[in-house]
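>>> Here is my input; please provide its structure:
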Amino acid sequence: MDSKRAWLVWGIGVFAYLTAITHRTSFGVAGLVATERFDATASALSAFTVIQLVVYAALQIPVGVLVDRFGPRIMIATGAALMAVGQLQLAAAESVPAGVTGRIFVGAGDAMTFIAVIRLIPLWFPARRVPVLTQLTGQLGQFGQLISLAPFAWVLHTAGWSQAFVGLAGLGVLACVLSAALVRNAPAGTTPPVRHPGMKETAANLTTAWRQPGTRLGMWSHFATQFSGTVFVLTWGYPFLVSGQGLDTGTASVLLSLFVVVGIVCGPFLGSWVGRHPLRRSTMVLAVSLSIAAAWLAVILHSGPSPVWLLVVLILVLAIGGPASMIGFDFARTFNPSHRIGTATGIVNVGGFAAALVTMYIVGLLLDLLNNIGFSQDGLYSLDAFRVAFSFQFLVLGIGIVAVVATRRKVRRTMAERGEIVPPLRSVLADNRRRRLQFKAEERDRRRPRKD
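I've put the predicted structure just below:
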C-alpha cells in the first residue's frame, strides 16, 4: 500500500472524477447557445440539467450496491464511457428530446464516478491517509469546472456546438481507456472486502439509515447549503450574468471560475473548523445558509444591474456553500455504523441535488410565465424576470433552515439520552471569553517584575 502504483491508480481516479465534473458543468456555459440551437423555452432549457440531476440522484444508492458487487474499476470505466456516449448524442442533437437523452447518459455516468473513486482510496492507502486523500479527491475534481468554463467555452463559441461536445466525448473516452487499462480494485496479492447484500438487507439498511436523525440532519444540511450554488453554476448563473446583469462573456466566465477557486481554497479551512468544533457543525450550516439568503437578497433588491463587487460577494458566499454541504456527509459518518455509511451517504447526497433540480425547473418555468405575460420588455432573460424567478430560492432556503433546526433538536435529544449534552452556544462563547481573560491576566502577572 501507499506505493507508486497506488498514487497512479488514485491519480487516474481523480482524472476520471475531474472529467465527470467537466461533463456535469459543461451545459452551464452552453445555455444561451442551446436556446438558439433548439429554439428552447427557459423551462425546456432547465429540463436538460434537471433530468440529468434526477438520474444522478436516483442512482446514488444503486451505484453504491454495484460498486460493492463489481468493484470500482468497472464502475469508473463504465461511467466514463456512458458520459462519452451522452456527449456524442448531445453533439448531434437538433431537438430538445434528443439533447435531453444525451444528458441522461451524462447523469448516469456521473453518478458512477465519485462513489467508485472514493472506494479505491482505503483499498490502496493506509488509514491515516484516507481522510486527506478523500478531501483532495473532491477538491481536485472541481477543476473540471474550469475546463468547462475556459477551453470548452472557447471551443463552443469559436468552432461551434458539435465540435465542442465531440471534444468532451473524447475526454470521456480517454478516462475510460485509462481506467480500464491501469486502475485495479486493490493491490496485487490482496483481496478487497466484497459484500453481496440481497434486496431485503439493502432495504433494511436504507430504512434504518433514514430513521437515524443524524442522517436526516445531514440530508437537510446538504439540502440547505448546496442547491443554490449548484443551480447557479450548472444552469442559470451564466445567463443571469450575461443577459440579466449585462456582463460580457469573459467577465462572466471569470466570476464562475472564481466560484471554483473559492470552493477549493475554503474547503480545507472549513473542514479544519469542523474537526475542532464537531458539536457546532449544524451552527455552521445555519450560518452559511443565512449568508446565502442575505447575499441573494442584496442582489435581488439592488436597483438596476448589480455592481461587480456585489456579484463577487454573491459568488463568494455561494462557493462556500459547496464545502459547507460536505458537513452533511460528516453527519452520515458519525451517526451510522461503518456497514451503513454508504447508504446514509447516498441519502445525504440526494438532499442537495433534489433541492437543486426543483429550483432549476421552477426558475425556468417562472421565466417562461413572466415572458408569456409580457412582464418585461427586455425579453426572456431580463434582469427583472430573473429577480422574480430567483426569489423562489428563499422558499427552498427557508424549508432547509427550518428542517435543520427541527432535526437538530431530535439529534440533540438522542445524544442527551446517551449522556452527551451539547451546551448552548452562548455559554460556550462566554466560557471561551472568560478563559481568554484569565489567560491574559495570568500572562500579565507572570511578566510583572517581582520586588525583592
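
>>> how about the helices of the stretch 51-200 of the chain, start to end?
Ranges of helices within the stretch 51-200 of the chain are 60-70, 72-92, 96-124, 130-141, 143-149, 151-158, 161-182, 199-211, based on DSSP state H, counting those that start in this stretch.

>>> Equivalent analysis for the stretch 301-450 of the chain, please.
308-325, 327-334, 341-372, 383-390, 392-417, 425-447.

>>> what angle do the longest one and helix 60-70 make?
So the one you mean is helix 341-372. For the pair helix 341-372 and helix 60-70, the angle between their directions (axes from the mean of the first three to the mean of the last three CA atoms, to 10 degrees) equals 140 degrees.

>>> could you give me the average pLDDT of helix 341-372?
Helix 341-372 comes out with an average pLDDT of 84.

>>> can you pull the pLDDT of Pro192?
If you check Pro192, the pLDDT there is 53.

>>> Quick one: closest of the helices of the stretch 301-450 of the chain to Phe223.
Closest approach to Phe223 among these is made by helix 341-372 (3.8 Å; CB to CB). From N, CA and C alone the C-beta is placed, and that goes for glycine too.

>>> So Val166 sits against Gln89, correct?
No - here Val166 lies out of contact with Gln89, judged by CB atoms under 8 Å, at a distance of 10.9 Å.

>>> Check Arg450 and give its pLDDT.
We note a pLDDT of 58 for Arg450 in this prediction.

>>> My error: substitute Val308 in the last question.
Val308 carries a pLDDT value of 92.

>>> cool, the one 10 residues further on as well?
Per-residue confidence for Leu318 comes out at a pLDDT of 94.

>>> Just give me the neighbour total for it.
In terms of burial, Leu318 registers 26 neighbours under the definition other CB atoms under 10 Å.

>>> Ok, the one 3 residues further on next?
As a burial measure, the neighbour count of Gly321 was computed by other CB under 10 Å and equals 25.

>>> Any figure for the gap between it and Leu290?
Note on Gly321: its distance to Leu290, by CB to CB, to the nearest Å, is 11 Å.

>>> picking up where we left off before, export the helices of the stretch 301-450 of the chain to a markdown table and tack on distance to Val173?
Compiled in a markdown table, these are given as follows (distance: least, CB to CB, whole Å):
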| stretch | distance to Val173 |
| --- | --- |
| helix 308-325 | 28 |
| helix 327-334 | 31 |
| helix 341-372 | 26 |
| helix 383-390 | 37 |
| helix 392-417 | 37 |
| helix 425-447 | 52 |
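
>>> hang on, the earlier thing: quick one: closest of the helices of the stretch 51-200 of the chain to Leu217.
Using CB to CB and comparing these, the one that lies nearest Leu217 is helix 199-211, at 11.9 Å.

>>> what's the angle from whichever helix or strand comes after the closest one to helix 392-417?
Per DSSP states H and E, the first helix or strand lying C-terminal to helix 199-211 is helix 213-231. Taking the same axes, to 10 degrees, one finds helix 213-231 and helix 392-417 inclined to each other by 160 degrees.

>>> oh, and call the first residue 432 from now on, that's how I've got it
Okay, residue one is now 432; in that scheme the one you just asked about reads as helix 644-662.

>>> residues of helix 644-662 that come out buried?
Going by neighbour count (16 or more other CB atoms under 10 Å), the buried part of helix 644-662 is 644-662.

>>> After whichever helix or strand Phe458 is part of, which helix or strand is next?
The secondary structure element spanning Phe458 is helix 435-460 (assigned by DSSP H and E). Scanning the chain past helix 435-460 towards its C-terminal end, the next helix or strand to appear is helix 462-469 (assignment: DSSP H and E).

>>> Give me the distance from that next one to the chain's centre.
25 Å (CA atoms, centre = their mean, to the nearest Å).

>>> Report the mean confidence score over that helix.
Helix 462-469 carries an average pLDDT of 79.
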